[in-house]
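Visitor: Below is the sequence, then the predicted model.
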Number of protein chains: 2
Amino acid sequence: MRKVADRLLIAGVGLIGASLGMALRARGAVGEVVGLGRSAENLRVARRRGAIDRGERDPTRACRDIDLVVIATPVGTIAPLAATLAHLLPPAAVITDAGSVKEPVIAEVAAALGATAGRFCGSHPIAGAELAGAAAAARDLLAGHRCILTPARTTDPATRRRVRALWAAAGMRVEEMPAARHDRLYALVSHLPQVVATALMTAALAGEPDGLAIAYAGSGFRDATRIAASPAVLWRDILLANRAPVLAALARFDSAYTRLRHAIARGEGREIERVLSQARHARLGLEPRGRRAGAAGRRAASRSARA
Amino acid sequence: MRKVADRLLIAGVGLIGASLGMALRARGAVGEVVGLGRSAENLRVARRRGAIDRGERDPTRACRDIDLVVIATPVGTIAPLAATLAHLLPPAAVITDAGSVKEPVIAEVAAALGATAGRFCGSHPIAGAELAGAAAAARDLLAGHRCILTPARTTDPATRRRVRALWAAAGMRVEEMPAARHDRLYALVSHLPQVVATALMTAALAGEPDGLAIAYAGSGFRDATRIAASPAVLWRDILLANRAPVLAALARFDSAYTRLRHAIARGEGREIERVLSQARHARLGLEPRGRRAGAAGRRAASRSARA
């Protein structure tokens, strides 16, 4: 396999960064992997788990002879970090990120890079779990999942090819779309569910004395609220950065939720059944790919992609 | 093991009814199991899967020499079915149900049984999956989960003991509470999430042209909406029967959701982080048991996919 980088820098060796390093190193797709992080302990874990060859806490040392960088830190810190690294990296080094919000991040990074903005292309690998840190990473976390690239007008074609090759080497299905469209889509299918799952937990905690209700929760509640266990700072940044599309998605939810609530209040059985049926059929249609974790699911997914 | 019934009638051989039959027969905890249902095909599936010894579509034949009955049909049909069966069953036969709403159901059943209401005790086995029918049943679906009994003042002590022994023989952890308390708790941890998951699906379908957004959903959205794939009629009945506690739970959700939405609209990072953190810690506290339940559900789902 042709190497995607001679020396790759992963800035932020958390769940996504460490999983990427593990995948690339396991496949021999990269020369050396350097991890930049603030926590010596997390860097040690990342090294022990095979995510990086070397951990650095000093950006200057980390940037030496790097030809490709992935910034995999919380959304709010991507642009400031890109600005810092830009001064320390070799001028030819290509830069990407792994943030869940693209339009504002891309604009800030481009502004920070100025005349060298051509070496940046935004990425969003669609994979994750509610757990954080290198300890939760997995070699196959990314494989088979979508990675969305949001190249800007300023992005060089060569940058785009390098970034595409990076994620593809980790087994991801790479796809491109405009940043604004990405942000609207993920407000709806990722950021909205995060807000709703959080509110569900808050409501269940508030109901019945002493938060006792959740002790009675079955698997439905557990699944519906799983993502509420995700790191708070990471999601705070996402909700703030993608505020307008998130508020638009919340307005859509409000409208669907309020219609159903009114139907319940009025005892309108037929309307309740109609709404439940429509949601049910849509959710059943989503199922086969939902089981994608296994090889059979990936085969089914690639069949449907060919169809 | 002492048998919980010489001849058990399972009225409604769906996911719960068939799983109960499979568990009891596999453990040798019952003499004969008779299944009463409307669909000859589903009764055949139930028999083939070892959930029942014999399927009947005629209530009179089904009730002959029965000493224990579980009514495992949608909530709206439990009381009418109990009224019908009461006339056909031997007078000593004990009756229970498996409905997710207790107070109104219990009141209706007691009214239908009149002087013989002592032989009824309400039950709610807390287990399930979004799939329906005997084909989705599993021998270990109930094992290890809670079953809540809601005996009424009219319930005979002997009835309570028989019903308790029934669910315990299927491996469930049996617990008792007043019906009104049960209905408040499950409005919060089961019925509310169902409404919210449905509204999430509806919103995602409405957003972006042609319902395209959900094609981009990752595992977070899939988990948060899994229960929206549950049978519509079953949930319509639950939401209507438990209307007042459900509306109270929705009001709690409204309040939590609106607070978070306002914090996002105002860009209040600290408030957003506070709410996310609180929900996160509560959800992490729920985790260990969540793992098992999720895995069991997935096993059940993949079994039914193979069936």
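Guide: Yes, it's here. Numbers count the residues shown, from 1 in each chain, chains lettered A, B, ... in the order given.
Visitor: which residues touch the closest residue to residue A:20 other than its chain neighbours?
Guide: Computed as C-beta to C-beta, 6 or more residues apart in numbering or on different chains, the closest residue to residue A:20 that is not its neighbour in sequence is residue A:170, at 5.6 Å. For glycine as for every other residue, the C-beta is placed from the backbone atoms N, C-alpha and C. Contacts for residue A:170 (C-beta atoms under 8 Å, 6 or more residues apart in numbering or on different chains) come out as A:20, A:23-24, A:27, A:29, A:125, A:142-143.
Visitor: Could you dump these into JSON lines and include neighbour count, distance to residue A:106 and pLDDT?
Guide: As requested, those are exported to JSON lines (neighbours: other C-beta atoms under 10 Å in any protein chain shown; distance: C-beta to C-beta, whole Å; pLDDT from 0 to 100):
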{"residue": "A:20", "neighbour count": "30", "distance to residue A:106": "20", "pLDDT": "98"}
{"residue": "A:23", "neighbour count": "24", "distance to residue A:106": "24", "pLDDT": "98"}
{"residue": "A:24", "neighbour count": "28", "distance to residue A:106": "24", "pLDDT": "98"}
{"residue": "A:27", "neighbour count": "15", "distance to residue A:106": "28", "pLDDT": "96"}
{"residue": "A:29", "neighbour count": "21", "distance to residue A:106": "25", "pLDDT": "97"}
{"residue": "A:125", "neighbour count": "27", "distance to residue A:106": "16", "pLDDT": "96"}
{"residue": "A:142", "neighbour count": "25", "distance to residue A:106": "21", "pLDDT": "96"}
{"residue": "A:143", "neighbour count": "17", "distance to residue A:106": "26", "pLDDT": "96"}
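Visitor: Just these: which are in strands?
Guide: Residues of the contacts of residue A:170 located in strands (DSSP state E): residue A:125.
Visitor: quick check, nearest of the contacts of residue A:170 to chain B?
Guide: Nearest to chain B among the contacts of residue A:170, counting by C-beta to the nearest C-beta, is residue A:125 at 9.9 Å.
Visitor: so the closest one bridges to which residues?
Guide: Residue A:125 has the following beta-bridge partners by DSSP bridges: residue A:147.
Visitor: That one and residue A:91, how far apart?
Guide: 26 Å (C-beta to C-beta, to the nearest Å).
Visitor: got the residue ranges for the strands in chain A?
Guide: A:5-11, A:30-36, A:54-56, A:68-71, A:94-97, A:120-125, A:146-150, A:173-176.
Visitor: want to throw those into CSV with distance to residue B:7?
Guide: Below are the strands of chain A laid out as CSV (distance: least, C-beta to C-beta, whole Å):
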stretch, distance to residue B:7
strand A:5-11, 66
strand A:30-36, 67
strand A:54-56, 68
strand A:68-71, 66
strand A:94-97, 66
strand A:120-125, 58
strand A:146-150, 55
strand A:173-176, 56
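Visitor: ok, so what distance separates residue A:216 from residue B:245?
Guide: 13 Å.
Visitor: more neighbours, these two?
Guide: Between residue A:216 and residue B:245, counted using other C-beta atoms under 10 Å in any protein chain shown, residue B:245 has the larger neighbour count: 23 against 20.
Visitor: Please tell me how far that one sits from residue B:251.
Guide: Applying C-beta to C-beta to residue B:245 and residue B:251 gives a distance of 11 Å.
Visitor: and if you look at residue A:111?
Guide: Counting by C-beta to C-beta, the gap from residue A:111 to residue B:251 is 45 Å.
Visitor: show me the contacts for the residue nearest to residue A:278 when sequence neighbours are not counted.
Guide: The shortest distance from residue A:278 to any non-neighbouring residue, by C-beta to C-beta, 6+ apart, is to residue B:202 (6.8 Å). Neighbour list for residue B:202: A:256, A:260, A:275, A:278-279 [criterion: C-beta under 8 Å, 6+ apart].
Visitor: of these, closest to residue B:104?
Guide: Compare each of the contacts of residue B:202 with residue B:104 using C-beta to C-beta and the shortest gap goes to residue A:260, at 20.5 Å.
Visitor: give me every residue that touches the closest one.
Guide: A:272, A:275, B:195, B:198-199, B:202.
Visitor: Just name the closest of the residues you listed to residue B:8, please.
Guide: For those, the nearest to residue B:8 is residue A:272 (33.1 Å; C-beta to C-beta).
Visitor: Count the residues that sit near that closest one.
Guide: Residues lying near residue A:272 (other C-beta under 10 Å) number 24.
Visitor: what do you get for residue A:163?
Guide: Residue A:163 - counted by other C-beta under 10 Å - has 27 other residues nearby.
Visitor: now the one 4 residues further on
Guide: By the other C-beta under 10 Å criterion, the neighbourhood of residue A:167 contains 28 residues.
Visitor: My guess is it contacts residue A:175. True?
Guide: No - counting by C-beta atoms under 8 Å, residue A:167 sits too far from residue A:175 to count as a contact (10.0 Å).
Visitor: Which neighbours do these two have in common?
Guide: Applying C-beta under 8 Å, 6+ apart, one finds that residue A:167 and residue A:175 are jointly contacted by A:147, A:149.
Visitor: looking at it, residue A:96 is touching residue A:71, isn't it?
Guide: Yes - if you go by C-beta under 8 Å, residue A:96 and residue A:71 touch, sitting 7.3 Å apart.
Visitor: Now the stretch 51-200 of chain A against chain B: closest residue?
Guide: Per C-beta to the nearest C-beta, residue A:199 is where the stretch 51-200 of chain A lies closest to chain B, at 3.8 Å.
Visitor: What's the local residue count around the residue nearest to residue A:252 when sequence neighbours are not counted?
Guide: Spatially, and ignoring its direct neighbours in sequence, residue A:252 is nearest to residue B:203 (4.2 Å; C-beta to C-beta, 6+ apart). Using other C-beta under 10 Å, residue B:203 has 25 neighbouring residues.
Visitor: cool, the one 4 residues further on as well?
Guide: The burial metric for residue B:207, expressed as a neighbour count using other C-beta under 10 Å, is 24.
Visitor: Read off the pLDDT value for it.
Guide: Listed pLDDT for residue B:207 reads 74.
Visitor: show me what contacts the residue nearest to it when sequence neighbours are not counted?
Guide: Leaving aside its chain neighbours, residue B:207 sits nearest to residue A:188 (4.4 Å; criterion: C-beta to C-beta, 6+ apart). Residue A:188 makes contact with A:245, A:249, A:252, B:203-204, B:207-208, B:213, according to C-beta under 8 Å, 6+ apart.
Visitor: Next: residue A:194.
Guide: Contact analysis of residue A:194 by C-beta under 8 Å, 6+ apart lists A:227-228, A:230, A:235, A:238-239, B:220.
Visitor: where in the stretch 201-307 of chain A is pLDDT low?
Guide: The model of the stretch 201-307 of chain A has pLDDT under 70 over residues A:208-211, A:287-307.
Visitor: what's the burial count for residue A:101?
Guide: Residues lying near residue A:101 (other C-beta under 10 Å) number 29.
Visitor: In contact with it, which residues?
Guide: By C-beta under 8 Å, 6+ apart, residue A:101 lies in contact with A:75, A:183, A:186, A:237-238, A:241-242.
Visitor: and if we set it to 7 Å?
Guide: By C-beta atoms under 7 Å, 6 or more residues apart in numbering or on different chains, the contact list for residue A:101 reads A:75, A:183, A:238, A:241-242.
Visitor: Do you know the pLDDT at it?
Guide: Model confidence at residue A:101, given as pLDDT, is 97.
Visitor: With the one 4 residues further on instead?
Guide: On pLDDT, residue A:105 comes in at 96.
Visitor: same deal with the one 5 residues further on?
Guide: Looking at residue A:110, its pLDDT reads 94.
Visitor: so where do the helices sit in chain A?
Guide: Secondary structure of chain A (DSSP state H): helices at A:15-26, A:40-48, A:59-63, A:75-88, A:103-113, A:157-169, A:179-186, A:192-206, A:219-225, A:232-241, A:243-265, A:269-285, A:287-290, A:295-306.
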